[in-house]
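*Asks:* Provided below for reference: sequence and predicted model.
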Amino acid sequence: MGIKSLEDLKKLRDENIKKVKLRESGEGSKQIEILVGMATCGIAAGARDTMSALLEIIESEHLENVKIVSVGCLGYCHSEPVIQVNIPGEESVLYGKVDKEEAKQIVHTHIIGGDLLKDSILINTFNRA
């Protein structure tokens, strides 16, 4: 789709503004953060696709209290792409080898459902995995 008018540009902006807000601030009182390791090792392993999948599923599920944060190395290069889920009042959980499908499962199972994906956990700060 090419941009041929000011209206096209405004439509494109409106379609993408929610994704930008998810990355910048999140919304709501119970702010959940998902940190995505975007150092060179993460990017080489597919972290951009993982981040895009997270943004898409969070937008499609209308999860306005979830903030996506691009960070540097999380220290587990052997398990990239790596993401960390921080839910207020709960221990942080670090997931490894998170591809697009795994990202969707993490959102549905952990963030929405409240259950951990035990086979994908690298570190649970409460109970070292």
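*Replies:* Here it is on my side, so go on.
*Asks:* can you pull out the helices in this structure?
*Replies:* Counting by DSSP state H, the chain has helices at residues 6-24, 40-45, 47-60, 100-105.
*Asks:* In terms of mean pLDDT, which of the ones you listed ranks lowest?
*Replies:* Per-segment mean pLDDT for the helices of the chain reaches its minimum on helix 6-24, at a mean of 75.
*Asks:* The closest residue to L12 other than its chain neighbours: neighbour count?
*Replies:* Closest residue in space to L12, ignoring its immediate chain neighbours: I3 at 6.5 Å, by Cβ to Cβ, 6 or more residues apart in numbering. Using the backbone N, CA and C atoms, a C-beta is placed for each residue, glycine as well. Neighbour count for I3, taken as other Cβ atoms under 10 Å: 11.
*Asks:* thinking I3 is in contact with R13, fair?
*Replies:* No. Judged on Cβ atoms under 8 Å, I3 makes no contact with R13 at a distance of 10.3 Å.
*Asks:* shared neighbours, these two?
*Replies:* Residues touching both I3 and R13 (Cβ atoms under 8 Å, 6 or more residues apart in numbering): none.
*Asks:* distance of the residue nearest to L12 from A44?
*Replies:* When distance is defined by Cβ to Cβ, to the nearest Å, I3 is 32 Å away from A44.
*Asks:* Distance check, the residue nearest to L12 against I17.
*Replies:* 16 Å.
*Asks:* tell me the contacts of the residue lying closest to R48 once chain neighbours are set aside?
*Replies:* The shortest distance from R48 to any non-neighbouring residue, by Cβ to Cβ, 6+ apart, is to M38 (7.6 Å). Applying Cβ under 8 Å, 6+ apart to M38 gives the contacts A47, R48, M51, S70, V71, G72.
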